[in-house]
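Asks: sequence and predicted structure are below.
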Amino acid sequence: MIQSSSRRMDQMFLKAEVIKAGGQSYFFAVFCLTLASLLSLPLTWYLSLLVGMVLLGQTQISSFYILLTLWVTLGLSRLFLIFVGERIAITVAAKVRVHLRHQLFSKLFSLGPAYLAQKESASLTTLLVEQVELLEPFVARYLPQLYVTAFSLPAIIFVMIFFSPFIALLLTLCAIMAPILMIVAGLAAHKKSIQQQETFSKLGGLFLDRMRHLETLRIFGAVEQEKKVLQTSSTLYHKKTMAVLRVAFLSGLSLDFLSVIALALGALHIMGLDVHAQNALFILLMISEFFAPLRKLLLSHHDRSNALAATAKIREVLMHADTTVSKMMGPHVSLPEPLWTPTIDLQNVSFTYTDRTIPALDKFSMHIEGGAFVVLSGPSGGGKSTVLSLLMGFIQPQSGLIAVGNCAIEQIHPQQRTQLFSWIGQNTRLMFGTLKENILFGLKTIDQAQLERALEQAGLTTIIESLPHGLETVVGENGFGLSGGQAQRVALARALLRQSPILLLDEPTAGLDEETTLDFLNCLLLLKGQRTILMVSHDLLAQQKAEKVIVLPYTQGETV
Ligand code: ADP
Ligand code: MG
């Protein structure tokens, strides 16, 4: 029951999207396609007349040609209407996908890294690419066909009443039975379709994961074993796909069976009557024409199951409660110009992750002077990264006060708040592209002097000189081709170019040797007084260089 009501919601959601994207043009497409379907009536009628003329030899050449011309013209008009209708429907389907992808992207951005961390990146990629794509057959084929069927079947039945009330009744019965067949097939297909999509998502995740860790798999001699895992998973996907197709074919077969019975009964009935040959031919042809829209609808019925299963996933993300910076309280305040050095204050801040009972932070307080270089230390799981996420607004504290530059953080405009911080993590992610593109990432305007200064401050100048193409050297994903220390410097240059007054670093030296760590720390020390720096680190060297070391969780409950 709950499942069917959520499916209805999914369907309503999709229809609303279609109206938003297409509106009147979509209705026009449905009109063209319905008209094309209704044209089957005169077309079949003229065809019966033409065949009758030839078979019965009552041909008057001139009327035969007039009829033939009429038939061809109608046929071409029908093709034209189908072409126009389908084209518009496909365009609307493309608009729906673009709009939904846009909405999903914005939502994922506003949900932020705290939400993304709980999700497999491969399953999100599948959602954004493949699953949104599954809406196309629903919008472009299934939905218009549903309306076409709903209009054209009663019209055919109505016309049939004038030829044979028995045939009209027979077709009415078929029209009642066909949706029942589809509902049964639809229920089975929906379940199979969800299973198929889940298996596909998992296969995608598995594949991406194994590709990423190919090196580890080789080192540990696990390649053969993992090959088998992938093989099992893809065989499972193959089986699930076949199960979906089996349901689709079986339901197609049952509709064909229904149409054969209707045709046989129709033929038997006509034989018992004294009907003109042309009328008899028209009736028999119309019985098979009657099933054409139904067959099309049934064929695209599993498109509906796929689309609804995908919509459920899309809605799940879109409806996810927003817990990030968008939550604003009180009047907004304007912060001073960029290059100032704000203080950071946390007072009795408590935060528990939604699925946890033990708080990650319990009444934690700290004070950081503007322009200071402070190290936040403590055991793993002590809540250090949580402090950074709270500051950047990826999560909201359940209680307590967070202030930057003596201004409560909720009062700062979300856009200004994101500009406050630059963040560097343990493993810098670089993208495939030139070093320059990676450093300037996200910046709209480039100031050469600023770039050179940032490179200098991050200690990148000599490194870049040693590279074959300098700043234009292409680096691979995840910084392939650069050492760990060099990648961290790239991250630092990138952070410095953003001109944000606060620099947050989450164990940036964890993977570096002592010498590289020292070099990196020296770069940071040069920034003292220009930026407020909060660095999470276990590193003793970092703690020695820092002006202040805050230790979690031993200091909980007191101001440090
Ligand atoms: P640290 O950075 O000091 O190692 P974290 O701030 O990452 O610690 O984590 C603090 C606590 O919160 C840990 O117990 C951790 O398991 C938990 N935690 C961290 N992130 C999440 C999350 N996204 N969902 C649930 N619990 C989390
Ligand atoms: Mg951490």
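Replies: Sure thing, it's come through. Source: prediction; values computed, not measured. Ligands and ions are numbered 1, 2, ... in the order given.
Asks: next one: the residue in the stretch 401-550 of the chain that ligand 1 sits nearest to from residue 425, what distance?
Replies: Checking the stretch 401-550 of the chain residue by residue against ligand 1 with CB to the nearest ligand atom singles out residue 536 as nearest, at 6.5 Å. Using the backbone N, CA and C atoms, a C-beta is placed for each residue, glycine as well. Note on residue 536: its distance to residue 425, by CB to CB, to the nearest Å, is 10 Å.
Asks: need the residues touching each of these two.
Replies: Taking CB atoms under 8 Å, 6 or more residues apart in numbering as the contact rule, residue 536 and residue 425 both touch 505, 506, 507.
Asks: residue 386 is in contact with the residue of the stretch 401-550 of the chain closest to ligand 1, correct?
Replies: No: taking contacts as CB atoms under 8 Å, residue 536 lies outside contact range of residue 386: 10.2 Å.
Asks: what's the helix or strand for residue 346?
Replies: Per DSSP states H and E: residue 346 is located in strand 344-351.
Asks: what comes up buried for that strand?
Replies: Residues of strand 344-351 classed as buried: 344, 345, 346, 348, 349, 351 (neighbour count, 16 or more other CB atoms under 10 Å).
Asks: now, which of the residues you listed sits nearest residue 290?
Replies: For these, the residue nearest residue 290 by CB to CB is residue 351; the value is 64.2 Å.
Asks: does the closest one touch residue 395 like I think?
Replies: Yes: with contact defined as CB under 8 Å, residue 351 counts as touching residue 395 (6.5 Å).
Asks: what residues are shared contacts of these two?
Replies: In contact with both residue 351 and residue 395: residue 386, using CB under 8 Å, 6+ apart.
Asks: residues contacting the residue nearest the centre of the chain?
Replies: Centroid-nearest residue in the chain, with CA atoms, centre = their mean: residue 128, separated by 2.2 Å. Applying CB under 8 Å, 6+ apart to residue 128 gives the contacts 101, 104, 105.
Asks: in a markdown table, list those residues along with secondary structure and distance to ligand 1.
Replies: What follows is these, written out as a markdown table (DSSP: H, G, I helix; E, B strand; the rest coil; distance: CB to the nearest ligand atom, whole Å):
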| residue | secondary structure | distance to ligand 1 |
| --- | --- | --- |
| 101 | helix | 25 |
| 104 | helix | 21 |
| 105 | helix | 21 |
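Asks: export those residues to TSV and tack on neighbour count?
Replies: Output for these, formatted as TSV (neighbours: other CB atoms under 10 Å):
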residue	neighbour count
101	16
104	18
105	11
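Asks: strands of the protein, start to end?
Replies: Under the criterion DSSP state E, the chain contains strands at 344-351, 361-368, 373-377, 399-404, 407-408, 421-424, 433-434, 474-475, 502-506, 532-536, 548-551.
Asks: could those go into CSV alongside mean pLDDT and distance to residue 233?
Replies: Shown next, in CSV, are those (pLDDT from 0 to 100; distance: least, CB to CB, whole Å):
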stretch, mean pLDDT, distance to residue 233
strand 344-351, 94, 37
strand 361-368, 92, 39
strand 373-377, 94, 41
strand 399-404, 92, 44
strand 407-408, 87, 50
strand 421-424, 91, 35
strand 433-434, 86, 32
strand 474-475, 84, 32
strand 502-506, 93, 34
strand 532-536, 94, 37
strand 548-551, 92, 45
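Asks: looking at the ones you listed, which one is packed in the most?
Replies: Highest mean neighbour count among these (mean count of other CB atoms under 10 Å): strand 532-536, with a mean of 26.
Asks: so what are the sheet partners of that one and their directions?
Replies: Next to strand 532-536 in the sheet, as set by DSSP bridges, lie strand 373-377 (parallel), strand 502-506 (parallel).
Asks: how about the residues of the stretch 1-150 of the chain near ligand 1?
Replies: Contacts of the stretch 1-150 of the chain with ligand 1, taken as CB under 6 Å from any ligand atom, map to 114, 117, 118.
Asks: hey, what's the residue lying closest to residue 423 once chain neighbours are set aside bridged with?
Replies: The spatial neighbour of residue 423 that comes closest, neighbours along the chain excluded (CB to CB, 6 or more residues apart in numbering), is residue 504 at 4.7 Å. Residue 504 forms beta bridges with residue 423, residue 534, as assigned by DSSP bridges.
Asks: thought residue 504 was touching residue 425?
Replies: No: look at residue 504 against residue 425 with CB under 8 Å: they stay out of range, at 9.4 Å.
Asks: low-confidence regions, the protein specifically.
Replies: 1-4, 58-59, 322-339, 477-480, 553-560 (pLDDT under 70).
Asks: ligand 1 contacts on that one?
Replies: Contact residues (CB under 6 Å from any ligand atom) of the chain with ligand 1: 114, 117-118, 353, 355-356, 360, 378, 380-386.
Asks: please repeat the previous calculation with a cut-off of 8 Å.
Replies: 114, 117-118, 353-356, 358, 360-361, 378-387, 389, 506-507, 536, 552 (CB under 8 Å from any ligand atom).
Asks: re earlier: the residues of the stretch 1-150 of the chain next to ligand 1 in helices, which ones?
Replies: Judged by DSSP state H, those include residue 114 as members of helices.
Asks: tell me who's in contact with residue 508.
Replies: Going by CB under 8 Å, 6+ apart, residue 508 touches 424, 425, 426, 488, 491, 520, 535, 537.
Asks: export those residues to JSON lines and tack on distance to residue 212?
Replies: Output for the contacts of residue 508, formatted as JSON lines (distance: CB to CB, whole Å):
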{"residue": "424", "distance to residue 212": "21"}
{"residue": "425", "distance to residue 212": "17"}
{"residue": "426", "distance to residue 212": "16"}
{"residue": "488", "distance to residue 212": "20"}
{"residue": "491", "distance to residue 212": "20"}
{"residue": "520", "distance to residue 212": "26"}
{"residue": "535", "distance to residue 212": "28"}
{"residue": "537", "distance to residue 212": "26"}
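Asks: select from these the one having the most neighbours.
Replies: Using other CB atoms under 10 Å as the neighbour criterion, residue 488 leads the contacts of residue 508 with 30 neighbours.
Asks: wait, isn't that one in contact with residue 424?
Replies: Yes: contact criterion CB under 8 Å: residue 488 and residue 424 qualify, at 7.0 Å.
Asks: hmm, back to that, out of the residues of the stretch 1-150 of the chain next to ligand 1, which end up buried?
Replies: The neighbour-count criterion (16+ other CB under 10 Å) marks residue 114 among these as buried.
Asks: just the closest of the residues of the stretch 1-150 of the chain next to ligand 1 to residue 13, please.
Replies: Using CB to CB, residue 118 comes nearest to residue 13 of those, at 23.5 Å.
Asks: tell me the spacing between the closest one and residue 112.
Replies: Between residue 118 and residue 112 the distance is 11 Å, computed by CB to CB.
Asks: okay, stretch 38-46 in PDB with CA atoms only?
Replies: C-alpha atoms of stretch 38-46 as PDB (Å, rounded to 0.1, in the frame of the first residue of the first chain):
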ATOM      1  CA  LEU A  38      -7.200   7.900 -35.400                       C
ATOM      2  CA  LEU A  39      -6.200   8.200 -39.100                       C
ATOM      3  CA  SER A  40      -5.900   4.400 -39.000                       C
ATOM      4  CA  LEU A  41      -9.700   4.400 -39.300                       C
ATOM      5  CA  PRO A  42     -10.000   6.100 -42.700                       C
ATOM      6  CA  LEU A  43      -6.800   4.500 -43.900                       C
ATOM      7  CA  THR A  44      -8.100   1.000 -43.200                       C
ATOM      8  CA  TRP A  45     -11.400   1.900 -44.700                       C
ATOM      9  CA  TYR A  46      -9.800   3.100 -48.000                       C
END
